[in-house]
Structures are given as C-alpha cells and as structure tokens.
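Curious how this folds, go ahead:
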Amino acid sequence: MRKKPPHSDAGRHRGPEKTGTRPPPRRPHGPGSREAASAAPSFRRPSSQVAVLYGFHAVREALRTKRRRALRLFATPAAAARLAAECEAAGIVPQIVAPEDMNRRLGGEAVHQGVMLEAEPLPARDLDDIESKSGIVLVLDQITDPHNVGAIVRTAAAFGVDALVTTERHSPEFTGTLAKAASGGLEHVAIVSVVNLARALEELGELGYQRVGLDSDGPVSLADAPLARPVALVLGAEDKGLRRLSRENCDLLARLDMPGAIKSLNVSNACAVALALVRSRLPG
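Reported below is the predicted structural model:
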C-alpha cells in the first residue's frame, strides 16, 4: 500500500495572519453614519412654545397666512423649490435636509412630504373673540383622535366656520398629525380651548347662539329642525356620543337620517353632512 504524502499547505492561498486584532471596519458615509449624524440638523422638541407642522399643505398655509411666527423650516431640495415663493414672502430660508433626517425626527409613519416647520402655536382665543361671519361654530365634546379632529378642522375651513371650541383636556394637540390631517385648514379656523365645556355652552347661549347637539337618537331630524343664526353645532365622541351635561346645555338634539343600509357615519363625515345641511337651511 502506498503511503499518503505528509499533509502540506504548500501552494495554498494563505489569508492574512491572525494577530489577535481586527482591522478597523470601514465606516460608511451614508445618512446613518457617524459623520452624517454629526452633521444632522438639530430639531426642537414640541412644547407649549413650539408647534411642529409637517406636510406640504399644512406648512404652505402656515407660511401664507402668517397667523403664527415661523421659527425654522426644514425641507428637501424638491420641497424647498415648491415652497420658494411662500418662503420668500414669509422671509424664511429653508434648511435643506435629507428625507432620512425628517424620518428620524417624525417617525417612519409620518407622511411629511419633505417639509417640516417649527413655529409658534396659534394665538389663544376666547369665546368673546369669535368673529361672526358665517354664524356657525363647532363644539367638540371630547373627540380625541387627531385624524378625526384634523378632518373636522379641514371641513370647518371649507365651510367657513367661525370657530372650533374644544376642551383643554381630552383633546389632541393642534400640531403634528392633526395639522397634517387638517391639510392647511388649521390656519383658517379660530380654535378656542376651554376648561369646562358645559360652562362654555352656557356662555354661547348667553352670546345668542342656538346650541344644536348632533345625536343619533335625537327627536328631530337635522333636515327638519328649526335653525337660527348664529348656531353652535355640538359633536360628541364616536364611542360615547354627547355627555350628559353637554346634552342638557343644548337647545335641541337632532339626528342625521341616512337613507341607506348604514345608519351611522364617522364623526368627521357626520360633521361634513351636518354642516352642509346647516349652511343650506340657515336663514339670511
């Protein structure tokens, strides 16, 4: 039997000798690298002095209306180009950032469309400050979902509602997600925050408003209800509806009659239908 030749590594490729240490890894230079992080913009956190708005329409309307003071604008190159006229008119120079910067600041779920504005909150309003033009005010009884409230604000702006009254507690912040859902409407509707909604409804009555509560079990259809200007339309949360004290401080409770198989609507959709009915039926 032939003997096997002794084992040999001759002719084989040898890798780098192990010395007990590893060569330093190559450091990437992309958006997530240390170099990029050190150059990332410094964002303010939302507070009572700083509101954060994102989304093209929300930011554009804030720059156009100038109801609030803009602090800093962050935008991708494409978004900055789209807002060039508004930026020039508002006297603000956008800070150019990458989409990843805003994703990191706002979260991956935020549809920021490449633009974010840090601004002062809208000025606080009282019931006495409401300027009656349409003669319609919306009152929200603990509606907490920012998407629903944002959609209501957008509808209110479209129908020329004079003000939206809500509670300081059990209501979403009028910034961020809500402002994006409002699609610019937040800059066109006066927001009045109150401590006690029942007392606010009493004050509205003293100011001459007819207080109409939207209630699925209301004794009269809103399409047939006797309406008078000015009117305060009161909307309750989807799960609870109007609270007892809110109901008791309304002049009448009215329902929306739906002709189809589905008899109830999302609160923001119900708001749109109710406003269309109220606007068409108010005298004068």
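
which residues in the chain form strands?
Secondary structure of the chain (DSSP state E): strands at 51-54, 70-75, 95-96, 115-119, 136-141, 163-167, 190-194, 210-214, 220-221, 231-236, 252-255.

Would you indicate which residues of the lengthiest helix in the chain are buried?
Assignment by DSSP state H gives helix 267-281 as the longest helix of the chain. Judged by neighbour count (16 or more other Cβ atoms under 10 Å), helix 267-281 contains these buried residues: 267, 268, 270, 271, 272, 273, 274, 275, 277, 278. Placement of C-beta: from N, CA and C, glycine included.

Quick one: list the elements packing against it.
Packing partners of helix 267-281 (3 or more Cβ pairs under 8 Å, 6 or more residues apart in numbering; DSSP states H and E): strand 136-141, helix 146-158, strand 210-214, strand 231-236.

Return, as residue ranges, the portions of the stretch 151-284 of the chain with sub-threshold pLDDT.
284 (pLDDT under 70).

List the buried residues for stretch 98-115?
98, 101, 102, 104, 105, 106, 110, 112, 113, 114, 115.

contacts for that stretch?
31-32, 40-41, 43, 52, 54-56, 59, 73-76, 78-80, 83, 94, 116, 176-177, 180 (Cβ atoms under 8 Å, 6 or more residues apart in numbering).

swap the cut-off to 6 Å and go again
Residues outside stretch 98-115 that contact it (Cβ atoms under 6 Å, 6 or more residues apart in numbering) are 31, 40, 41, 43, 54, 55, 56, 59, 75, 76, 79, 116.

from these, which would you call buried?
Buried residues within the contacts of stretch 98-115, counting neighbours by 16+ other Cβ under 10 Å: 31, 40, 43, 54, 55, 56, 59, 75, 76, 79, 116.

related to what we said a few turns ago, what's the closest of the contacts of stretch 98-115 to residue 128?
Of all the contacts of stretch 98-115, residue 128 sits closest to residue 59, with 30.8 Å by Cβ to Cβ.

one step back: next, format the strands of the chain as a markdown table and append distance to residue 148.
Output for those, formatted as a markdown table (distance: least, Cβ to Cβ, whole Å):
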| stretch | distance to residue 148 |
| --- | --- |
| strand 51-54 | 18 |
| strand 70-75 | 27 |
| strand 95-96 | 32 |
| strand 115-119 | 23 |
| strand 136-141 | 9 |
| strand 163-167 | 12 |
| strand 190-194 | 15 |
| strand 210-214 | 14 |
| strand 220-221 | 23 |
| strand 231-236 | 10 |
| strand 252-255 | 19 |
